[in-house]
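Asker: quick check, what structure comes out for this input:
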Amino acid sequence: MKSSHQNARSSILSFTPRRAACAAVVMASMALAGCNKDNPAADAKPGQALASVNGEEITILQLNEEMQRAGVPAAQQEIGRKQLLQALIDRELLENEAAREKIDRDPKVMQAIERARSLIIAQAYMQKAVGDVGRPTQTEIEDYFNKHPQFFANRRQFAMNQLVLPASAVTPELRAAADKAKSLEEVAALLDTRQVAYGRAQVTRSTADLKPELAARLLSMPKGQLFLVQEGQRALLIAIDAVRDAPVSLDIAAPQIAQYLANRKNKELAQAEIQRLRATARIEYLNKDLAPDAATPGALPTAAPASLAAIPGAGQAGSAAAGAAPIAGDGNIGPAATDGDDDSAADKAALDRGVAGLK
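Answerer: Take a look at the predicted model:
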């Protein structure tokens, strides 16, 4: 009979034959727990089994875990339970067939299982070590609000028009002609005469979406000013159509600021714990070519828990600054990620490309 602890079998398969194995059950917030299929004391309590597939029981604990992970709304609980139970049955059938064909013994599968196991245990430890930092105080929220007026009280919004064309079409002659043009329409007419394919887009960005350096540069530019940004295989010729005041009040911004500050605190604690562990460990690099130098940053585990992941929005500001992804409509109300985010190097490179393209 299947143990009630076997609710993560889809992620962690047995390394030994099915009937003699002890399955490793690891949850993101639990330690690894051993089990024995042949041990009656480990069986689920009577009434907890919801279905049986070739003698293997699916328990209410498994279904509850699936419900929690799926985030099924309260109004859809009944249908959600039925659908997820069918999904568990399908998963059991597939796992049984995989074990019969010894797919769980495939080296690549075993390597993936070990990687998943390692990540889950590392995540569980980090969650335990960092814990819940709690909600920032109202004073901390107000302090952040007051120290970043460009995100909130003095937030400005840019309405911009774009011509999107292949980067290969931006020849020195075209760039020189665009420099002399007084409007996007003149450039569009030039592209038409040269039979260069292009598209049009309208973009709205705010000072909360952009890096401070680029936001300041845009604020200093007059209406209609053209600038060129090259990003990957495409080029964007952009003109500012309007700049509007778009302030955000403390009441509206407070929840987002609180989340940002909590995420930042979580990340700081996680990084401190990694540094503590590194300082007390004996780490030897057998391949000296892979040894880090002074410029090599440390890193969190690859799949850090959601509470420890990069601050929401990190990595978006840079691409927006470089015009990499035209998005119509209003952007975030802030705060933009400006310090300490994992993608700071990528953001800086994208920002440099964007500013370099300004006339």
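Asker: give the rounded mean pLDDT of stretch 226-242.
Answerer: When pLDDT is averaged over stretch 226-242, the result is 90.
Asker: state the distance from residue 126 to residue 271.
Answerer: For residue 126, the distance to residue 271 equals 11 Å [C-beta to C-beta, to the nearest Å]. Placement of C-beta: from N, CA and C, glycine included.
Asker: can you pull the domain assignment for the protein?
Answerer: 18-130, 139-282+299-359 (automatic domain parsing).
Asker: for this protein, what are the low-confidence residue spans?
Answerer: 1-47, 294-359 (pLDDT under 70).
Asker: so where do the strands sit in it?
Answerer: Using DSSP state E, the strands assigned to the chain run over residues 49-53, 56-59, 156-166, 199-206, 226-231, 234-245.
Asker: enumerate the positions of the third one that are buried.
Answerer: Under the neighbour-count criterion of 16 or more other C-beta atoms under 10 Å, strand 156-166 has 156, 157, 158, 160, 161, 162, 163, 164, 165 buried.
Asker: from those, pick the one nearest residue 78.
Answerer: Nearest to residue 78 among the buried residues of strand 156-166, counting by C-beta to C-beta, is residue 157 at 44.8 Å.
Asker: what residues are up against the nearest residue to that closest one once chain neighbours are set aside?
Answerer: Nearest non-adjacent residue to residue 157, counting by C-beta to C-beta, 6 or more residues apart in numbering: residue 246, 4.0 Å away. Neighbouring residues of residue 246 by C-beta atoms under 8 Å, 6 or more residues apart in numbering: 155, 156, 157, 206, 330.
Asker: which ones are touching the second one?
Answerer: By C-beta under 8 Å, 6+ apart, the contact list for residue 156 reads 150, 206, 207, 215, 219, 243, 244, 245, 246.
Asker: same thing but 7 Å
Answerer: By C-beta atoms under 7 Å, 6 or more residues apart in numbering, residue 156 lies in contact with 206, 207, 219, 243, 244, 245, 246.
Asker: bridging residues for the fourth one?
Answerer: Residue 243 forms beta bridges with residue 158, as assigned by DSSP bridges.
Asker: quick one on the thing from earlier: between the contacts of residue 246, which is nearest residue 57?
Answerer: Checking the contacts of residue 246 against residue 57 with C-beta to C-beta, the nearest one is residue 330 at 51.3 Å.
Asker: what's the biggest helix by length in the chain packed up against?
Answerer: Secondary structure of the chain per DSSP state H: the longest helix is helix 250-280. Under the contact definition 3 or more C-beta pairs under 7 Å, 6 or more residues apart in numbering; DSSP states H and E, helix 250-280 sits against helix 107-130, helix 138-147.
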